[in-house]
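Colleague: my questions concern the predicted model and sequence given below.
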Amino acid sequence: MATNAILSEEETMKATAKRTADPTPARRWQAVLDRDSSLDGTFVFGVSSTGIFCRPSCPAKRPRRENVKFFDHALQAEQAGYRACLRCRPKAVDGNPQSALVRAMCRYIEQHIDDRLTLSLLAKEFRLSPFHLQRTFKSVLGVSPKAFTSRTHADRCHRQGHLRHPIRQRR
Ligand SMILES: [Zn+2]
């Protein structure tokens, strides 16, 4: 059923391995100092004094080196307790901007499958317009977020053996 999703995940992982081939902290720090946008998506940096994480090209004032911690992915920075910067929106450029973002959306949908997920809630979580979110999602996975959500829910019901459980309609 979810062939597209699996393929895209594998491709994303391969791409990630290639991109982060030489992620030494010194190089990353230099990229931060240079606001090197070509390295956007290859890592993010968290600033312990503010609790915020940014992409390399963030226009904000440069932090002190001793307060900076590097992460390969926005999700790792979040797990470490950092919040995404509102200026550079590092969650929107984690790796291949589109597939990594959609991968994060898929994970979010899977984790919140029992909530009443709507397109607007998803859009708010990922700081995108519902229109942009839907278009990006569909361009990467070939299905709408709604279809993906229904499918994820159906897969889960199937796994749990609740074959007759009706799939709730989601807006
Ligand atoms: Zn920033």
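Modeller: That came through fine.
Colleague: so Val68 touches Val44, yeah?
Modeller: No: using Cβ atoms under 8 Å as the test, Val68 is too far from Val44 to be in contact (10.6 Å). All C-beta atoms are positioned from the backbone trio N, CA, C, and that covers glycine.
Colleague: residues from the protein in reach of the ion?
Modeller: 54, 58, 60, 85, 87-88 (Cβ under 5 Å from the ion).
Colleague: hang on, the earlier thing: compare Val68 and Val44 (neighbour count), which wins?
Modeller: Neighbour totals were compared for Val68 and Val44, and Val44 leads with 31 against 19 (other Cβ atoms under 10 Å).
Colleague: averaged pLDDT, the strand or helix carrying that one. What do you get?
Modeller: Element membership for Val44, per DSSP states H and E: strand 44-47. Averaged across strand 44-47, pLDDT comes to 96.
Colleague: contacting residues for the closest residue to Gly81 other than its chain neighbours?
Modeller: Spatial nearest neighbour of Gly81, excluding adjacent residues (Cβ to Cβ, 6 or more residues apart in numbering): Gly51 at 6.9 Å. Gly51 sits next to 81-83 when contact means Cβ atoms under 8 Å, 6 or more residues apart in numbering.
Colleague: how's this protein carved up into domains?
Modeller: As given by automatic domain parsing, the domain ranges for the chain are 20-84, 96-159.
Colleague: lowest average pLDDT across the ones you listed?
Modeller: domain 96-159 (a mean of 84).
Colleague: what lies in contact with stretch 69-78?
Modeller: Residues contacting stretch 69-78 (Cβ under 8 Å, 6+ apart): 16, 20, 23, 25, 28, 42-46, 48, 53, 80, 82, 84, 90-91, 94-95, 100, 104, 107.
Colleague: can I get the CA coordinates of stretch 43-54 in PDB?
Modeller: Extracted in PDB, the C-alpha atoms of stretch 43-54 (Å, rounded to 0.1, in the frame of the first residue of the first chain):
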ATOM      1  CA  PHE A  43      22.700  20.400   9.400                       C
ATOM      2  CA  VAL A  44      21.100  22.800  11.800                       C
ATOM      3  CA  PHE A  45      22.700  24.400  14.900                       C
ATOM      4  CA  GLY A  46      21.200  24.800  18.300                       C
ATOM      5  CA  VAL A  47      22.100  27.700  20.500                       C
ATOM      6  CA  SER A  48      22.100  26.800  24.200                       C
ATOM      7  CA  SER A  49      21.700  30.300  25.400                       C
ATOM      8  CA  THR A  50      18.500  30.900  23.500                       C
ATOM      9  CA  GLY A  51      17.100  27.300  23.100                       C
ATOM     10  CA  ILE A  52      16.600  28.000  19.400                       C
ATOM     11  CA  PHE A  53      18.000  26.100  16.400                       C
ATOM     12  CA  CYS A  54      18.700  27.600  13.000                       C
END
